[in-house]
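Asks: Starting from these lines, generate the structure:
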Amino acid sequence: MGQELDSLIAEARDPSTSFGRLWILSEYPDKEVRRSVIDNFNLCPLDKHGVLETTLLSKLATEFPEEVANHPIFVLHALVEPNDDMVWVVKEIVQRVGDMYILELLWNNWRNSTMWNIRESFGKNPCSSQEMLRILSNYEDEWLVRRAVASNPKTSIDILRILGNEVFEKTWEVRRAVAENPNTPLDVLHVLGNHKTEQNMFVRIAVANNPYTQEETIRILGNSVTEPEWRVRSKVARNARTPIDIIFNLGNPINEPDWNVRHALTENTNTPLDILRTLSSATTEPNESVRESAKTAIIQRGWR
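Replies: Model (predicted):
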């Protein structure tokens, strides 16, 4: 096996190896064989129009961002003399590279590219500096870039507060990303979880799914009086962190009018046996689908 691997590694590095064969080697199970393709001088051949063929380099960048970033072809066409042929490789490296020196070089050369998705990649990279993220959060015409910043686990609380405020951020997809971010302050989640201050249900659904959402907010989201959208309440009903008293409330057709929410309770592993029995009985549960799901849950958990 050792001889075979050595032979494949040598083939991957051999400049006479065809481009098609390099693609095959780039998908070989052994990591060192895949990495060795980067050492091939003909990794980016010119097509008939004189344009660099960078698809293979882009593919390798998803697994080996630092190595590709140091490849002579990339250094020349992305750092020394930036070339649009290298755009997609830059995008993959920017999103993944952990070396701040490389990241800053790419930032200086590519932050104003016509390709917005390069800026999106900077927004996604947890190694991007707070200054980079602050600048990216102000791109008014590129909500996908702002969403990337809102999703970044390293984005500062100050930036998250701005991106989570409907006064400053009009795009609900960005606010939803804030609601999903584990670092979002509890008071911001509380505002985003209240339909009086956050009109979009998808944002409130994200708040219901956030593992750090405080109990007070969960209570608002799980009550049909304070949360009119059943899809949001269903997320609360499925949530393993939902307090037992709220589960009891959601399992009562008098308090919870929507059968979808009660059905969601049968899928929550923390729903007590008493509630499942209530939901499985035609006397107390009017919806057949809920009753059948509750019966299945009781059986699956080994209860009688």
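Asks: Every contact and neighbour count from this point should use C-alpha atoms.
Replies: Noted.
Asks: for D258, phi and psi?
Replies: phi -90, psi 120 (degrees, to the nearest 10).
Asks: what about the closest residue to it other than its chain neighbours, how many residues close to it?
Replies: Leaving aside its sequence neighbours, D258 sits nearest to W230 (CA to CA, 6 or more residues apart in numbering; 6.7 Å). Per other CA atoms under 10 Å, the neighbour tally for W230 reads 20.
Asks: ok, now which ones touch W230?
Replies: By CA atoms under 8 Å, 6 or more residues apart in numbering, the contact set of W230 is 224, 258, 260-261.
Asks: Neighbours of E256, how many?
Replies: With other CA under 10 Å as criterion, E256 counts 20.
Asks: Can you tell me the SS state at it?
Replies: Recorded secondary structure, E256: coil (DSSP: H, G, I helix; E, B strand; the rest coil).
Asks: That one contacts H263, doesn't it?
Replies: No. Here E256 does not reach H263: they are 10.9 Å apart, not a contact under CA atoms under 8 Å.
Asks: about what we covered before: give me the distance between the residue nearest to D258 and T271.
Replies: Distance from W230 to T271, counting by CA to CA, to the nearest Å: 18 Å.
Asks: and if you look at G20?
Replies: 55 Å.
Asks: Check V174 too.
Replies: For V174 relative to T271 (CA to CA), the value is 33 Å.
Asks: These two: who's more crowded?
Replies: When neighbours are counted by other CA under 10 Å, V174 and T271 differ, and V174 comes out ahead with 26 against 22.
Asks: Give me the nearest residue to that one, chain neighbours excluded.
Replies: Leaving aside its chain neighbours, V174 sits nearest to R147 (4.4 Å; criterion: CA to CA, 6+ apart).
Asks: Hmm, N138 and R146 touching each other?
Replies: Yes. Assessed by CA under 8 Å, R146 is found in contact with N138 at 7.4 Å.
Asks: Tell me which of these two has more neighbours.
Replies: R146 (30 against 16).
Asks: who touches the more buried one in this structure?
Replies: Residues near R146 by CA under 8 Å, 6+ apart: 120, 123, 136-139, 163, 174.
Asks: Restricted to helices, list these.
Replies: Here DSSP state H is the test, and these give 120, 123, 136, 163, 174 as lying in helices.
Asks: Among those, which one sits closest to V191?
Replies: Of all the ones in helices among the contacts of R146, V191 sits closest to L163, with 12.7 Å by CA to CA.
Asks: after the helix or strand harbouring T217, next one along is what?
Replies: Counting by DSSP states H and E, the element that carries T217 is helix 215-221. For helix 215-221, the following helix or strand on the C-terminal side (DSSP H and E) is helix 230-238.
Asks: Leaving out sequence neighbours, find the closest residue to the most centrally placed residue in the chain.
Replies: Geometric centre of the chain, nearest residue: S151, 7.0 Å, by CA atoms, centre = their mean. Once flanking residues are discounted, S151 sits nearest to A177: 5.2 Å by CA to CA, 6+ apart.
Asks: and that neighbour, what element?
Replies: helix 172-180.
Asks: Tell me, how many residues neighbour A208?
Replies: A208 - counted by other CA under 10 Å - has 33 other residues nearby.
Asks: Contacts for the helix holding T217, please.
Replies: Taking CA under 8 Å, 6+ apart as the rule, helix 215-221 contacts 189-190, 193-194, 204, 208, 226-227, 232-233, 236, 242-243, 246.
Asks: can you rerun that using 6 Å?
Replies: 190, 226-227, 233 (CA atoms under 6 Å, 6 or more residues apart in numbering).
Asks: Check the average confidence over it, would you?
Replies: Mean pLDDT, helix 215-221: 94.
Asks: got it, and stretch 145-162?
Replies: On average, stretch 145-162 scores 97.
Asks: Show me which positions of that stretch end up buried.
Replies: Across stretch 145-162, burial judged by 16 or more other CA atoms under 10 Å covers 145-156, 159-162.
Asks: Filter these down to just the ones in strands.
Replies: Members of these lying in strands (criterion: DSSP state E): none.
Asks: Which of those residues fall within helices?
Replies: 145-151, 159-162.
Asks: biggest separation within these, which pair?
Replies: Based on CA to CA, the longest span within those runs between V145 and R161 and measures 16.4 Å.
Asks: what about A12, neighbour count?
Replies: The local packing of A12 (other CA under 10 Å) involves 28 other residues.
Asks: From D245, how far off is L221?
Replies: From L221 to D245 the distance is 14 Å (CA to CA).
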